[in-house]
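Novice: Okay, here's the prediction I keep looking at, along with the sequence it came from:
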Amino acid sequence: MSASPTDRRDTTEPGPDTRGHLSRVWDVIFDLLRFIARYAHNVYATFGIFLLIGAAFALAGTWAFAMLAGHVTSGGTQAFDDAVLQWLGARRAPTLDAVMLEITSLGTTSVVTMVVGVAALFLWLNKHKHSAILLLVATFGGILLNNLLKAGFSRPRPDVIPWATTATFYSFPSGHAMSATIVYSTVAYLAGRLQRTRAARLAITCVAAIVVSIICISRLYLGVHYPSDVLAGVIIGLAWAGFCMATLEAIQLYARRNAPQLLREERPAPVPES
């Protein structure tokens, strides 16, 4: 199948505060749930806080998805969707086709299952059983949710440009985009929990974001999804993954304070930043 359709930088050397800003922002985001937990007076209150944060992720994502779905079903995104595919289709080339086919395979069910299986086995064997279970629930729960949404909206796949690959079932939301968002963001989150430095966590997150982004682009280039399909997949994928992550934090907090030692998952102590 085929697919369709400067910023200006300051040249002055950034100071130490500028260089460390992104790292500090990431550290705040990554540790937010545990930071909030310090202010709860007991484990049950903290458990509730984590679940409320997870619910907030889910509700925010659901609201954004519903808004986008409303525009899609009313035809409000169609002109933009078609224009993007036509623009991409005009820039196809045999070499780029081959590259995009390889990239899009990173979001297929077979590859996603392999990544999740290896990661879950590693976590389980290294006594991170809650994390392994979270990854499995997030992944296969996301696949089920995607199929239900596709069947509910029943949006036909694009016919704007010739497809450069095969595709089945409905178009909205994109299964590749949603699965990639859930799996690679959750793997990055779980890997980040095992790292001792901000830089390592930031690097893992950037790699995951790049992988998800290029998979999403490949679906457009190959002509099998509209931009709105891909955006919807990312939105609902982030919402579901965020809910699962917050739930894991709640379970882990409860286990650390109440469960036997064997149920706890130890993390490496953070390395002080110089």
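Specialist: Sure thing, it's come through. The model shown is predicted, which means the values in this text are computed figures rather than measured ones.
Novice: Show me the contact partners of stretch 132-146.
Specialist: The contact list for stretch 132-146 (C-beta atoms under 8 Å, 6 or more residues apart in numbering) reads 109, 112-113, 116, 119-121, 123-124, 173, 175, 178-179, 182-183, 186-187, 190, 233, 236-237, 240-241, 244-245, 247-248. Where you see a C-beta, it was placed from the backbone N, CA and C, and this is true even at glycine.
Novice: and that stretch, which residues are buried?
Specialist: Buried residues in stretch 132-146, defined by neighbour count with 16 or more other C-beta atoms under 10 Å: 132, 134-136, 138-139, 142-143, 145-146.
Novice: Among those residues, which ones are in strands?
Specialist: With DSSP state E as the criterion, strands contain none of the buried residues of stretch 132-146.
Novice: Just give me the residue right at the centre of the chain.
Specialist: The chain has T181 as the residue nearest its centroid, 2.6 Å off, counting by C-alpha atoms, centre = their mean.
Novice: low-confidence ranges in the stretch 101-250 of the chain?
Specialist: The stretch 101-250 of the chain contains no residues with pLDDT under 70.
Novice: what about the helices in it?
Specialist: Ranges of helices in the stretch 101-250 of the chain, per DSSP state H, counting those that start in this stretch, are 109-125, 129-153, 175-193, 198-221, 227-258.
Novice: follow-up on the earlier one: quick one: which of the buried residues of stretch 132-146 is nearest to F80?
Specialist: Taking C-beta to C-beta as the measure, F80 lies nearest N146 of the buried residues of stretch 132-146, at 22.6 Å.
Novice: so how far is W240 from the closest one?
Specialist: In this view, N146 and W240 are 9 Å apart by C-beta to C-beta, to the nearest Å.
Novice: L144 too?
Specialist: Distance of L144 to W240, computed by C-beta to C-beta: 10 Å.
Novice: next one: Y170
Specialist: 19 Å.
Novice: who's more crowded, those two?
Specialist: Between Y170 and W240, W240 has the larger neighbour count (other C-beta atoms under 10 Å), namely 26 against 18.
Novice: Please name every helix or strand in contact with the one helix or strand W63 maps to.
Specialist: Using DSSP states H and E, the element containing W63 is helix 43-73. Contact here means 3 or more C-beta pairs under 8 Å, 6 or more residues apart in numbering; DSSP states H and E; on that basis helix 43-73 packs against helix 32-37, helix 129-153, helix 227-258.
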